[in-house]
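A.B. asks: Predicted coordinates and the sequence they were generated for:
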Amino acid sequence: MKYSDEIQKLLPLGYIYLVVLGILKESFFYYQFGINILKYSTIMDILISPIADFMSNPITLVTIVLIFIFHIYLPKILQKYNHKKSVQKLFKLKPTDELSEQETINYYNTLTLKLLASVLLYFFVGTGIGNGHFALERIKNNTAQYNSKLNYTTGESEQIFLLGCNSLYYFYIQKGTKIIKITPLASIKNIESNLKTGFVSK
């Protein structure tokens, strides 16, 4: 079986894995604010969570692309430099002298997939925990920037620090308070945000 055929068979499982990672990232982020995000999410929110995460920031997108590119070439790199002790120690390689050529290829491919899965897990979970932690610290220390304005269909407005949103709700902190509000999109006319300059502005 060709490696490309194996990849095609693994793609559905790979996407399911990315969906799980997206759920974990969102869960770890919102859990720090006492929110069970799954209660406020639709099936569509869950299914598109990996794509939303990839496209959320240019730095995130470039990082993910580089991670995938590196792991595409990693099996060949491991085969070429498997005799070096530093590579053996770094990737915990096992001897392949008694393996056939195809078995050796399969070994490095499997090792690469496991490594890719681990790297993505650390990246998504770490991003969720880190972003939530820093946002919570800014709120506690009164350094959060309330640079968004929610305009309700009733005509009322609020200056807010936006935590995030999905297809049904906005999650935010109102200026002057430390109370988390969860508001349905149907009750919001529009949201105004200050203009952000720069390619990697957050």
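C.D. replies: Arrived safely, thanks for sending.
A.B. asks: Let me see the domain layout of this protein.
C.D. replies: Domain assignment for the chain by automatic domain parsing gives 3-140, 148-193.
A.B. asks: Can you tell me what sits against the strand ranked longest in the chain?
C.D. replies: The residue-count maximum for a strand in the chain (DSSP state E) belongs to strand 157-165. Strand 157-165 is contacted from outside by 29-30, 33, 135, 138-139, 144-152, 170-175, 180-181, 185, 191, 193, using Cβ atoms under 8 Å, 6 or more residues apart in numbering. Quick note: C-beta positions are derived from backbone N, CA and C, even for glycine.
A.B. asks: ok, of these, which come out buried?
C.D. replies: Taking 16 or more other Cβ atoms under 10 Å as the criterion, what is buried in these is 29-30, 33, 135, 139, 144, 148-150, 170-173.
A.B. asks: Do I have it right that residue 50 meets residue 20?
C.D. replies: No: in terms of Cβ atoms under 8 Å, residue 50 does not count as a neighbour of residue 20; the distance is 9.3 Å.
A.B. asks: neighbour count winner among the two?
C.D. replies: With neighbours defined as other Cβ atoms under 10 Å, residue 50 and residue 20 compare such that residue 50 has more, 23 against 15.
A.B. asks: Show me what the one helix or strand that one maps to is packed up against.
C.D. replies: Per DSSP states H and E, residue 50 falls inside helix 49-54. With contacts defined as 3 or more Cβ pairs under 8 Å, 6 or more residues apart in numbering; DSSP states H and E, helix 49-54 has these neighbours: helix 3-31, helix 58-81.
A.B. asks: Any buried residues in the last one, and which?
C.D. replies: What it means is helix 58-81. So for helix 58-81, counting by 16+ other Cβ under 10 Å, buried means 64, 71, 74, 75, 78.
A.B. asks: Touching, residue 45 and residue 53? I think so.
C.D. replies: No: using Cβ under 8 Å, residue 45 makes no contact with residue 53, being 11.8 Å away.
A.B. asks: Switch the domains of the chain over to a markdown table; also include mean pLDDT.
C.D. replies: As requested, those are exported to a markdown table (pLDDT from 0 to 100):
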| stretch | mean pLDDT |
| --- | --- |
| domain 3-140 | 88 |
| domain 148-193 | 92 |
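A.B. asks: Just to be sure, residue 190 is in a helix?
C.D. replies: No: read with DSSP: H, G, I helix; E, B strand; the rest coil, residue 190 is strand and lies in no helix.
A.B. asks: thought it was touching residue 152?
C.D. replies: No: shown here, residue 190 and residue 152 do not form a contact pair, counting by Cβ under 8 Å, at 9.5 Å.
A.B. asks: What is the neighbour count of residue 101?
C.D. replies: Residue 101, neighbours per other Cβ under 10 Å, totals 9.
A.B. asks: Need phi/psi at it.
C.D. replies: Note on residue 101: backbone dihedrals following degrees, to the nearest 10 are phi -60, psi -40.
A.B. asks: Contact partners for the most centrally placed residue in the chain?
C.D. replies: Residue closest to the mean C-alpha point of the chain, counted by Cα atoms, centre = their mean, is residue 124 at 4.1 Å. Neighbour list for residue 124: 21, 22, 24, 25, 53 [criterion: Cβ under 8 Å, 6+ apart].
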